[in-house]
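Engineer: next input, structure requested:
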Amino acid sequence: MQVKLYGIRNCDTVKKARAWLDARGIGYEFHDYKTAGVDPERLKSWTARLGWEALLNRSGTTFRKLSDADKANLDEVKALGLMAAQPSMIRRPVVEAGDTLLVGFKPDQFEAALA
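Structural biologist: Sure, this is the predicted structure:
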């Protein structure tokens, strides 16, 4: 199974997910969307599967620094635009493994889906 992990290299949650995968000998490709960006079509496919609310990181500093106008009346189109323009607003990590799509790092979910 091909595993692709999307995130930001310096994110503590991404580091935990990578350490979990490494400890179990699960190979993966890492895509740093802070430096490499994220394909808008991939972002749309993730939101189609999980909903934009599951992907938008509202607790991060990038989101909190937005103006009240940018935060107001959020919908899928607006959220997709924000996440594409500022990938730090995407919850991390995002893991694609075959038909599996995981968002965030929860060891029990990783165990069930990847081990």
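Engineer: what residues does the lowest-mean-pLDDT helix or strand in the chain touch?
Structural biologist: Among the helical and strand segments of the chain, the one scoring lowest on mean pLDDT, DSSP states H and E is helix 68-71, with a mean of 86. For helix 68-71, the surrounding residues in contact (C-beta atoms under 8 Å, 6 or more residues apart in numbering) are Phe63, Leu82. For every residue, glycine as well, the C-beta is placed using N, CA and C.
Engineer: tell me what whichever helix or strand comes after that helix is packed against?
Structural biologist: Next along the chain after helix 68-71, taking DSSP states H and E as the criterion, comes helix 76-85. Packing partners of helix 76-85 (3 or more C-beta pairs under 8 Å, 6 or more residues apart in numbering; DSSP states H and E): helix 40-50, helix 52-55.
Engineer: for the first one, packing partners?
Structural biologist: Using 3+ C-beta pairs under 8 Å, 6+ apart as the contact criterion, the neighbours of helix 40-50 among helices and strands are helix 52-55, helix 76-85, strand 100-103.
Engineer: contacts only, for Pro93.
Structural biologist: Contacts for Pro93 were tallied using C-beta under 8 Å, 6+ apart; they are Leu5, Tyr6, Gly7, Cys11, Thr13, Val14, Ala17, Leu102, Val103, Gly104, Phe105.
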